[in-house]
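Visitor: here's a sequence, model it:
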Amino acid sequence: MTYNNLIIIKGGSYINIKKALQQWIDLYSENFSNNLQFELYKNGRGNHIIKADDRLDNNRFFYLVNYMDYPENINYNVDIKGYTKARELDKQLDNQELLIYIPKSDTEYDNVYAVTKDNRHFKIDFGGKIKEMTGDITFSSHNIEKLENPETLKASLHKRKKREEDSVDSIKKRFNIIFIIFIIVLFLNLIVPHLKVDVEVFQKTTLFTGMGVGLWFFMDYEMLRHNSFYLKSFLIALGFYYYGLFLEHHYSSYFSNMTAGNFLYPLTLLIVQYPTRRIYKLIFNREPEVDKHGKIADLIYTMILFFSFAILPFLIADYLK
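Guide: Numbers count the residues shown, from 1 in each chain. The predicted structure follows:
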């Protein structure tokens, strides 16, 4: 029997392999039909096999192979080979059997490598580019004749909805706590000028308040995926900007050495994050993350957000002088 969309994994514990597979299913389940399923097999000690649903398209199969090699919050040392048949992928690859792998020398993280039966090598990145190249891996069939006693994991819309609801509840609690702290800090900051302290103290407390809010938005990228929380965050950022204008008007003597950039930290971050995130999703078909894995795409995304948070406010303020 010939199996398509098969992944053979050497190394790692069964628990971690299952966890990584479930995380990937959860990550992409919104794009699956409700009955798409994945079978996980034990194949001897330290060896595992994943049989992905035959309806899974090539690109998502590539994402799965990549994710199993670089799972989130799971550390293991594994060797992974995927087997699939190219379907409407590229003229030079269509209808060919492919061995999919990621070499240990890979430093880009957002791609997979493919070998055809005639040992032609291709690099397939998640931006849609396919490039022929040289490689040391030789195509070999998996020789799996029979698979028995699988544990089946499904893309369940019901479970995904429950997880999303739990996530939203957690974000809501976190948002409310930080927002209350933010409001308290704003009012306490207004007391500083009346304490007859050095001018620099008021400047620094105001500066750090803006930086703190901007850092909150920068780190809590999961919160900004929800439109309702993004809108609330935008209103907070806008409110802080007008708070800064109020301070400049009523406490002008304290702000002679400060610019509007000090009040733009959160606002510029959110203005840049919104379109950047959507472009990222359009290209890579997944949510970006503030870099955790060293993936180039996430690293670039992180750098763009950092620029919008730490540098862009002062460029704008300097331009408006």
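Visitor: chain neighbours aside, what residue packs nearest to residue 39?
Guide: residue 150 (3.7 Å; CB to CB, 6 or more residues apart in numbering). Where C-beta positions appear, they are placed from N, C-alpha and C, glycine not excepted.
Visitor: hang on, isn't that neighbour packed against residue 43?
Guide: No. Counting by CB atoms under 8 Å, residue 150 stays clear of residue 43, with 10.9 Å between them.
Visitor: distance check, residue 281 against residue 89.
Guide: Note on residue 281: its distance to residue 89, by CB to CB, to the nearest Å, is 21 Å.
Visitor: ditto for residue 142
Guide: Applying CB to CB, the value for residue 142 to residue 89 is 20 Å.
Visitor: neighbour count winner among residue 281 and residue 89?
Guide: residue 89 (21 against 13; other CB atoms under 10 Å).
Visitor: quick one: contacts for the nearest residue to the more buried one once chain neighbours are set aside?
Guide: Closest residue to residue 89 apart from its sequence neighbours, by CB to CB, 6+ apart: residue 58 at 4.9 Å. Neighbour list for residue 58: 84, 86, 87, 88, 89 [criterion: CB atoms under 8 Å, 6 or more residues apart in numbering].
Visitor: for residue 100, same thing?
Guide: Residue 100 makes contacts with 61, 62, 65, 81, 82, 83, 84, 112, 113, 114, as judged by CB under 8 Å, 6+ apart.
Visitor: adding pLDDT, neighbour count and distance to residue 7, write those residues out as JSON lines.
Guide: Converted to JSON lines, the contacts of residue 100 look like this (pLDDT from 0 to 100; neighbours: other CB atoms under 10 Å; distance: CB to CB, whole Å):
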{"residue": "61", "pLDDT": "93", "neighbour count": "24", "distance to residue 7": "8"}
{"residue": "62", "pLDDT": "93", "neighbour count": "23", "distance to residue 7": "11"}
{"residue": "65", "pLDDT": "95", "neighbour count": "26", "distance to residue 7": "6"}
{"residue": "81", "pLDDT": "95", "neighbour count": "18", "distance to residue 7": "7"}
{"residue": "82", "pLDDT": "94", "neighbour count": "26", "distance to residue 7": "5"}
{"residue": "83", "pLDDT": "94", "neighbour count": "22", "distance to residue 7": "8"}
{"residue": "84", "pLDDT": "93", "neighbour count": "26", "distance to residue 7": "9"}
{"residue": "112", "pLDDT": "93", "neighbour count": "24", "distance to residue 7": "11"}
{"residue": "113", "pLDDT": "94", "neighbour count": "20", "distance to residue 7": "14"}
{"residue": "114", "pLDDT": "93", "neighbour count": "28", "distance to residue 7": "14"}
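Visitor: could you identify the longest helix within the chain?
Guide: In the chain, with assignment by DSSP state H, the single longest helix is helix 157-191.
Visitor: report all helices and strands that that helix contacts.
Guide: Under the contact criterion of 3 or more CB pairs under 8 Å, 6 or more residues apart in numbering; DSSP states H and E, helix 157-191 touches helix 199-219, helix 227-250.
Visitor: please identify the buried residues of the last one?
Guide: Judged by neighbour count (16 or more other CB atoms under 10 Å), helix 227-250 contains these buried residues: 229-230, 233-234, 236-237, 239-241, 243-244, 247-248.
Visitor: just for this structure, where's the confidence low?
Guide: For the chain, the stretches flagged by pLDDT under 70 are 1-3, 30-34, 156-160, 163, 196-199, 253-260, 291-294, 320-321.
Visitor: where along it do the helices fall?
Guide: With DSSP H as the criterion, the chain has helices spanning 14-28, 58-69, 157-191, 199-219, 227-250, 265-284, 296-310, 312-319.
Visitor: just the CA coordinates for the second one, please, in PDB.
Guide: What that stands for is helix 58-69. Below are the C-alpha coordinates for helix 58-69, written out as PDB (Å, rounded to 0.1, in the frame of the first residue of the first chain):
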ATOM      1  CA  ASN A  58       0.900  20.500  -0.500                       C
ATOM      2  CA  ASN A  59       1.600  23.800   1.100                       C
ATOM      3  CA  ARG A  60      -0.100  22.900   4.400                       C
ATOM      4  CA  PHE A  61       1.800  19.600   4.300                       C
ATOM      5  CA  PHE A  62       5.000  21.500   4.000                       C
ATOM      6  CA  TYR A  63       4.000  23.800   6.900                       C
ATOM      7  CA  LEU A  64       3.300  20.600   9.000                       C
ATOM      8  CA  VAL A  65       6.700  19.100   8.200                       C
ATOM      9  CA  ASN A  66       8.400  22.500   9.100                       C
ATOM     10  CA  TYR A  67       6.400  22.900  12.300                       C
ATOM     11  CA  MET A  68       7.200  19.400  13.500                       C
ATOM     12  CA  ASP A  69      10.900  20.300  13.100                       C
END
